[in-house]
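Asker: sharing a model that was predicted from the sequence below.
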Amino acid sequence: MSKKVSPAGLFQALTLTLKSGLRSGLFQQTTVKQPGDLTTETMPLEDDSIDRAIAPTESPTKKDTKFIRLGQGCLVLWALVAGLVTAIEPESAQYWERQIQSAMLRIRGAVATPDKIVILAIDDETLLQLSGSGRLPRRSAYAKAIDRVMQSGAKAVGVDLILDLPSFGETEVSTDCTQPNQKLAEDDRQLQQVLQRYGGRITLAVETSRLDNRQGEQMRLSLPFCPFRAANISYGLIEYPREANEKIHRLGSAAVQKVRSSPEMAALFDEEKILPFADAVLRSANLPPSTARGENLFLHGGDGTFSRTTIPFWNVLSEENWNSDFLKRGQVFKDKIVLIGVTASNISPSLNTAVGMMPGIELNANAIATLLENKSIRNAFPNSSLAGLAIAGLVLSAGFLQMQTKRPTGRLGWAGAIALFWAGIGYATFTQGLMILPIAVPIAAMLLTGVSFLGTGLAHEYRNKLAFRKTLKQFARAPLVQELIRDQEEFQTLLQEHEQEILGKQLGGRYKITKVLGSGGFGETYIAEDSQRPGNPACVVKHLRPASNNPRHLQLARRLFRSEAQSLERLGEHDQIPRLLAYFEEDGEFYLIQEFIAGSMLSEDLTIGRHLPESRIVPLLQDLLQILDFVHSRNVIHRDIKPSNIIVRSRDKKLVLIDFGAVKELHQQLAEGDIATATIGIGTQGYMPPEQCAGNPRLNSDLYAVGMIGIQALTGLPPSQLQEDPETGEIAWRDRAIVSGSLAAILSKLVHRDYRSRYQSAKSAIEDLAQLTNLSTLTLPPEFFVAAAMEIEEDVTTTRPWPETFGEEELPPTEAPPEV
């Protein structure tokens, strides 16, 4: 059971088949047998014709080139768009870049947190132990905890709580700091004392809010309650900017810059010396942060990453726990930065960070750790303009790499591979090098480039496929092609489609095509009716189709066309050569109109295994040589004489020589008259002598072909089945035939390997054959047999005996002579 192949595989297979088949003579040329009948004969094509015949499958036309240039234009376009988007940084681009960064952090996973940061977490257990009501601990609890960790040697304490109001229930106390000597609740008074005692090492949190009033929206800053504003206390803003993806990626310094954009807030920040919370805590600990490399957080992990250094707040207040091996009377706080904040699930304000939801106190711990370890993440490019240029160059380079493969799907695959490689570089740079490379935009541009190459490439292949299909129609009769396309539904109707397109078409306003005869390297051959002659007689139309509109190809086509027309015009004077009726150019294609010769092909008489008698072979050779004598007198070499180019005319059984498509004018270039014009080796294998194969045909090159036809008629074997003598290089055929020595000598001289030992003219061969017309009294001059002395017996009037091996190949006997 045959398998179906992909269109691309079939396209390549058929292209190779066309080339190999055309060069090896596997395709068939259809010719006229009788009016209304067709027959086929093997007709190899010359190499340059092969390339022209299948050129549409390999060489892009101008329209195809447009698709190629369109793909290249798309590459430049996407590179420019990627560069501009990277430089301008629209919100959509920022969204996807931040989303990719979030994904990379999740892929990286959690990393170890520094031991210098301890979190006193007001968790669910603390609320249960201290208040039992789910409310935050009393201010006195904060005072006791701060006092204990400070006495234990903590470097600083950061309180991530907004303490802008009096204790719960103290409504009579004013928040106006201009009113001195206010009566404070005991909880507030205890906290006030602790803050005054350790003021220089404590940071309190502040935040902003927006109020709508008659003047419009105004920003409000929530500072600590007035009694808590002890000398040297640091204030830290606990806000972080949200990015386009609504997640927190940057340090708090970006939020401070945004708030300070208001002149009133900038003045207040300067007056109160408000810093980002992480910066303020480090300053309180007398650990000023190193100059930040970038403005992006180094998030160590998701919620709970600092669990190793997180202690429930109530443990510090419990005497039992304080004295336990766990806290060691506060030794775990020595030289540490202590952060107090809420992690309880019911009251904790979780924030959406790049690694997920996280309590504010833990986000602050990540910010402090980022500055403490100098791990802030910076952009790889110092400014957006430089980033845009770099990304444009990157996309162009990726596109050029994609162009190294010709297959559209391969280019898309390369685009995906390059995009994946760039994503890997971006991941390594982000997680290990702490730098941010643009990833989303260049990857999108690379993939769009690959898609563009895919689209334009498929369009290019589709157009080439149409051109290939059009060319394939010409060879649809070939068995090898039919075998390949047998299971391909799209090619099943090629022959019918081609004939439907051609049949009925009128050329030159008078020649109506009625039948498609066959195809060759340069075009096709049809039978047509001449509507402007009485009776609409049939004629032969030779169609020369240039491979492309390239001016050089058209010039070559016109030259070949004109050469053939001029030769046929002169040669048509002979009765046994078809006359040229007209020639013209139409729509960039060329047409020759020739006389229609009704008859059968000589190849039908020279079938394999059939032996013709000498009584038929001698007149056949004489007829052919007489035609060639006329042709050579016009300085023309046919160069493709073979049985399929010879018609046995129906009305008088005379031979007619056809197909002068390979004719070349001869030019005398040497004083001795030697023909030295070198041309390409055009002809059919087996019927070409060595000098013609080498591209140097001579007048007696055609005589070689005539001799091979005679040998084929005698042996019943085509030239391809005859071997060469390993010593002399001559064709070994005598043991395959029953032939008189006289005719054998003539044939041996006609097919001599060396053209100088061959008959030099058709006339001299005709003269020798004339002596064989009376087979009973054959007499030839002795000198005629000198060249063949080793092959021919002395008694030339007798035939050679049957060889011992004759008949082993089951060849039919020699045909009986006709009755007299």
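Answerer: Done, it's in. Numbers count the residues shown, from 1 in each chain.
Asker: how near is R250 to I238?
Answerer: 14 Å (CB to CB, to the nearest Å). Any C-beta I mention is one placed from the backbone N, CA and C, and that applies to glycine too.
Asker: pull out the buried positions in stretch 627-634.
Answerer: With burial defined by 16 or more other CB atoms under 10 Å, the residues of stretch 627-634 counted as buried are 627-632.
Asker: pop the domain breakdown of this structure in here.
Answerer: Split into domains by automatic domain parsing, the chain comes to 7-56+472-595, 65-105+381-459, 115-167+183-372, 599-785.
Asker: avg pLDDT for the shortest one?
Answerer: Okay, so that is domain 65-105+381-459. What domain 65-105+381-459 shows for mean pLDDT is 94.
Asker: first vs last residue of it, how far apart are they?
Answerer: End-to-end distance for domain 65-105+381-459: 11 Å, by CA to CA, to the nearest Å.
Asker: now that domain, how far from the centre of its chain.
Answerer: Put simply, domain 65-105+381-459 sits 17 Å off its chain's centre (CA atoms, centre = their mean, to the nearest Å).
Asker: what sits against L327?
Answerer: With contacts defined as CB atoms under 8 Å, 6 or more residues apart in numbering, L327 is in contact with 311, 315-316, 321.
Asker: and it, how far from A145?
Answerer: According to CB to CB, L327 and A145 sit 12 Å apart.
Asker: try E499
Answerer: Distance of E499 to A145, given as CB to CB: 100 Å.
Asker: now E501
Answerer: Relative to A145, E501 is positioned 96 Å away (CB to CB).
Asker: K273 now?
Answerer: From K273 over to A145 the distance is 25 Å, taken as CB to CB.
Asker: please say which of these two ends up with more neighbours.
Answerer: A145 (23 against 11; other CB atoms under 10 Å).
Asker: any idea which element the residue nearest to that one when sequence neighbours are not counted lies in?
Answerer: Spatial nearest neighbour of A145, chain neighbours left out: V316 (4.6 Å); criterion: CB to CB, 6 or more residues apart in numbering. Of the helices and strands defined by DSSP states H and E, V316 is found in helix 313-317.
Asker: likewise S615?
Answerer: helix 614-633.
Asker: helix or strand next in line after that helix, which one?
Answerer: With DSSP H and E, the next secondary element past helix 614-633 is strand 636-637.
Asker: pull up the pairing partners for that next one, direction included.
Answerer: strand 664-665 (antiparallel) (DSSP bridges).
Asker: beyond the strand it pairs with, next helix or strand please.
Answerer: Sequence-wise, the next helix or strand downstream of strand 664-665 (DSSP H and E) is helix 690-693.
Asker: neighbours of E186, how many?
Answerer: Neighbours around E186, by other CB under 10 Å: 12.
Asker: ugh, wrong one, I meant Q432
Answerer: Other residues within reach of Q432, judged by other CB under 10 Å, total 9.
Asker: please apply the same query to the one 5 residues further on.
Answerer: For L437, the tally of surrounding residues (other CB under 10 Å) stands at 22.
Asker: quick one: it and G426 touch, right?
Answerer: Yes - judged on CB atoms under 8 Å, L437 makes contact with G426 at a distance of 4.5 Å.
Asker: which strands or helices does the one helix or strand Q496 maps to pack on?
Answerer: Using DSSP H and E, Q496 sits within helix 494-502. Judged by 3 or more CB pairs under 8 Å, 6 or more residues apart in numbering; DSSP states H and E, helix 494-502 is in contact with helix 440-473, strand 511-519.
Asker: would you turn those into CSV with mean neighbour count and distance to L287?
Answerer: Putting these into CSV (neighbours: other CB atoms under 10 Å; distance: least, CB to CB, whole Å) gives the following:
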stretch, mean neighbour count, distance to L287
helix 440-473, 21, 37
strand 511-519, 20, 90
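Asker: make TSV out of the ones you listed and add distance to C226.
Answerer: Below are the helices and strands packed on helix 494-502 laid out as TSV (distance: least, CB to CB, whole Å):
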stretch	distance to C226
helix 440-473	49
strand 511-519	103
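Asker: looking at the ones you listed, which is closest to V656?
Answerer: V656 sits nearest to strand 511-519 of all the helices and strands packed on helix 494-502, at 15.4 Å, using CB to CB.
Asker: against which helices or strands is the longest strand seen in the chain packed?
Answerer: The residue-count maximum for a strand in the chain (DSSP state E) belongs to strand 202-213. The contact analysis (3+ CB pairs under 8 Å, 6+ apart) places strand 202-213 against strand 156-159, strand 216-222, strand 234-237, helix 277-284.
Asker: kindly export the second one (C-alpha atoms) in CSV.
Answerer: Okay, so that is strand 216-222. Provided in CSV are the C-alpha atoms of strand 216-222 (Å, rounded to 0.1, in the frame of the first residue of the first chain):
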residue,chain,number,x,y,z
GLY,A,216,-10.7,68.9,45.2
GLU,A,217,-8.6,65.9,46.1
GLN,A,218,-5.9,66.5,48.6
MET,A,219,-3.2,64.3,50.0
ARG,A,220,-2.9,63.8,53.7
LEU,A,221,0.1,62.5,55.7
SER,A,222,-0.6,60.3,58.8
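Asker: now do the buried residues in that strand.
Answerer: Residues of strand 216-222 classed as buried: L221 (neighbour count, 16+ other CB under 10 Å).
Asker: packing partners for it?
Answerer: Using 3+ CB pairs under 8 Å, 6+ apart, the elements in contact with strand 216-222 are strand 202-213, helix 263-272.
Asker: tell me the strands beside that strand, with direction?
Answerer: strand 202-213 (antiparallel).
Asker: now stretch 239-256, how far from the centre of its chain.
Answerer: 43 Å.
Asker: ok, R260 - contacts?
Answerer: Contacts for R260 (CB under 8 Å, 6+ apart) come out as 266, 269.
Asker: any idea how far V355 is from V656?
Answerer: 92 Å.
Asker: cool, L195 as well?
Answerer: 123 Å.
Asker: next, the contact list for V194, please.
Answerer: V194 makes contact with 142-143, 146-147, according to CB under 8 Å, 6+ apart.
Asker: okay, the helices and strands packed on strand 202-213 in a markdown table with mean pLDDT and distance to L621 next?
Answerer: Below are the helices and strands packed on strand 202-213 laid out as a markdown table (pLDDT from 0 to 100; distance: least, CB to CB, whole Å):
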| stretch | mean pLDDT | distance to L621 |
| --- | --- | --- |
| strand 156-159 | 96 | 117 |
| strand 216-222 | 79 | 113 |
| strand 234-237 | 95 | 113 |
| helix 277-284 | 95 | 109 |
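Asker: could those go into a markdown table alongside distance to E767?
Answerer: Output for these, formatted as a markdown table (distance: least, CB to CB, whole Å):
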| stretch | distance to E767 |
| --- | --- |
| strand 156-159 | 124 |
| strand 216-222 | 120 |
| strand 234-237 | 120 |
| helix 277-284 | 117 |
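Asker: nearest to L544, of these?
Answerer: Closest of the helices and strands packed on strand 202-213 to L544 is strand 216-222, at 83.7 Å (criterion: CB to CB).
Asker: in stretch 233-252, which residues are buried?
Answerer: By neighbour count on 16+ other CB under 10 Å, the buried set for stretch 233-252 is 233-245, 247-252.
Asker: I'd assumed G413 was in a strand, is it?
Answerer: No - G413 sits outside any strand when classified using DSSP: H, G, I helix; E, B strand; the rest coil, being helix.
Asker: OK, contacts around it?
Answerer: Counting by CB under 8 Å, 6+ apart, G413 touches G450.
Asker: now with 10 Å?
Answerer: In this structure, G413 makes contact with 402, 405, 407, 450, 454, judged by CB atoms under 10 Å, 6 or more residues apart in numbering.
Asker: out of those residues, which is nearest to K183?
Answerer: Among these, G450 lies closest to K183 (CB to CB), at 75.1 Å.
Asker: contacting residues for the nearest residue to the closest one once chain neighbours are set aside?
Answerer: Leaving out its chain neighbours, the residue that sits closest to G450 by CB to CB, 6+ apart is A415, at 2.6 Å. Going by CB under 10 Å, 6+ apart, A415 touches 398-399, 401-402, 443, 445-454.
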